[in-house]
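Trainee: Have a look at this fold, sequence not included:
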């Protein structure tokens, strides 16, 4: 079998899609994480899915705002993960107190994971990866709660800079 002429394509959930990118974190999962980490700002939110009183919308552009001195919660758009992980590293090195990022755990073959996570995940130095059990649920766009079959087809992990 030849791969000549093969063009890699992102899975539909890896392309910009408001129905996927704007899903909200399960409130119960967030409550447990907030108790553990005591977040001060949600850096990738919309009014309908923000988890904290202080949040940064796409119009305010969390990729351009400083996270220095903050305890950051980030459930980024899954169609643009790489830029958010780069931002987290930059902000960690610039003085963010804590950053916790919720990401799909099925992207370990992608360049952003191979360059920005894999070389560092077992070294310590304030960075670690926690793979979550099961498949966390999300609140779909336009919904106020989680339906019975609203789990993504992938597990999730937390990238933690602490």
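Mentor: Happy to help now that I have it. As the structure is a prediction and not an experimental result, all values here were calculated from the model.

Trainee: Phi first, then psi, for residue 41.
Mentor: Phi and psi for residue 41, reported as degrees, to the nearest 10, are phi -150, psi 140.

Trainee: same deal with residue 71?
Mentor: Dihedral angles for residue 71 - degrees, to the nearest 10 - are phi -110, psi 100.

Trainee: and it, bridged to which residues?
Mentor: residue 98 (DSSP bridges).

Trainee: who are the neighbours in contact with it?
Mentor: With contact taken as C-beta atoms under 8 Å, 6 or more residues apart in numbering, residue 71 is in contact with 37-41, 97-98. Placement of C-beta: from N, CA and C, glycine included.

Trainee: Roughly how far does it sit from residue 158?
Mentor: Distance of residue 71 to residue 158, given as C-beta to C-beta, to the nearest Å: 14 Å.

Trainee: picking that back up, would you show me how to pick out the buried ones of the contacts of residue 71 in ChimeraX?
Mentor: Of the contacts of residue 71, the buried ones can be selected in ChimeraX as follows, counting by 16 or more other C-beta atoms under 10 Å:
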select :37,39,40,41,97,98
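
Trainee: Just after the helix or strand bottoming out on mean pLDDT in the chain, pick out the following helix or strand.
Mentor: Ranked by mean pLDDT, DSSP states H and E, the helix or strand of the chain with the weakest confidence is helix 18-21, at a mean of 54. Later in the chain than helix 18-21, the nearest helix or strand by DSSP states H and E is strand 24-25.

Trainee: Please name the strands paired to that next one in the sheet, noting orientation.
Mentor: Strand 24-25 sits in its sheet next to strand 138-139 (antiparallel), going by DSSP bridges.

Trainee: Now do whichever strand or helix holds residue 81, average pLDDT.
Mentor: Residue 81 is part of helix 81-94 when elements are defined by DSSP H and E. Per-residue pLDDT over helix 81-94 has a mean of 96.

Trainee: Tell me how far that helix lies from the chain's centre.
Mentor: With C-alpha atoms, centre = their mean, to the nearest Å as the basis, helix 81-94 stands 11 Å off its chain's centre.
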